[in-house]
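Novice: Provide a 3D model corresponding to the input given below.
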Amino acid sequence: GPEIARLRARLASPGAVPLAVMGRRGAGKSSLLNALCGEARAEVGHVRDTTREATAWSVPRLPGVLWIDAPGLRGGEGHPVEEALAPWDPGATLLVVGATEVETGAGDLARVARFVRERPRGCGGVVVAVNRVDELDPVDVSDPPFRHPRKSLHIAEACARARRALARVGVDAWEVVPVSALMVWSAGAAAHDGRWNLDALVAAVRSCVAAVPEGH
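Specialist: Numbering: from 1, shown residues only. Have a look, this model is predicted:
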């Protein structure tokens, strides 16, 4: 059951800080996990409505961090996201948002804000990954490093909108990082690698987690 899974994860990663990974369905949480690991670990595009548990993952690029994948947010209601995360006692939060929908889901953002406010003092840092930047205009500039001037401008604007949207619900983001987690898999191998800016996201998460008080 879930309690056994949590115990096993804790024993496998002693002292690791649980990172609550939150986001709307379709924001690309599973794609981001796979991109960071460089392998297809989590199933992409097959979200079960009945999923009520958070799943723990070890990410080699994030030593000392236990990636806790929460059920997808759904318009601010529905899934017991907070209940699924609570037993893990997360020390920090990674919010994954789609670059084309950073201002949608006000109810979802309100839930994230409520979750963060209920964390113990000093344990509420939020890193935002603005994912799927390849989908921003111009869409034909779909491969990194996205140096096209208009593409760069739209990426910067999406990040600014994400920060403002969180500020409206009372959350001061630790850092907002634009990323592309696009990988196409074939027979377990990467047939196309469109990953971009993941090093910056790793650095942001590690700095946020480093601020969590010892013994959390």
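Novice: pull out the buried residues from the longest helix anywhere in the chain.
Specialist: Once the chain is assigned using DSSP state H, the helix that runs over the most residues is helix 149-168. Within helix 149-168, the residues that count as buried by 16 or more other C-beta atoms under 10 Å are Lys151, Ser152, His154, Ile155, Ala158, Cys159, Arg161, Ala162, Arg163, Ala165, Leu166. Every residue, glycine included, has its C-beta placed from N, CA and C.
Novice: now those residues in CSV, with pLDDT and distance to Ala129?
Specialist: As requested, those are exported to CSV (pLDDT from 0 to 100; distance: C-beta to C-beta, whole Å):
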residue, pLDDT, distance to Ala129
Lys151, 97, 18
Ser152, 97, 18
His154, 97, 17
Ile155, 97, 13
Ala158, 97, 11
Cys159, 97, 10
Arg161, 96, 14
Ala162, 95, 9
Arg163, 96, 13
Ala165, 94, 14
Leu166, 94, 13
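Novice: quick one on the thing from earlier: got the CA positions of whichever helix or strand comes after the longest helix of the chain in PDB?
Specialist: The C-terminal neighbour of helix 149-168 among helices and strands, as given by DSSP states H and E, is strand 175-178. Extracted C-alpha coordinates of strand 175-178, given in PDB (Å, rounded to 0.1, in the frame of the first residue of the first chain):
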ATOM      1  CA  GLU A 175      12.700  31.300  -9.200                       C
ATOM      2  CA  VAL A 176      10.800  31.000 -12.500                       C
ATOM      3  CA  VAL A 177      12.600  28.900 -15.000                       C
ATOM      4  CA  PRO A 178      11.500  28.400 -18.700                       C
END
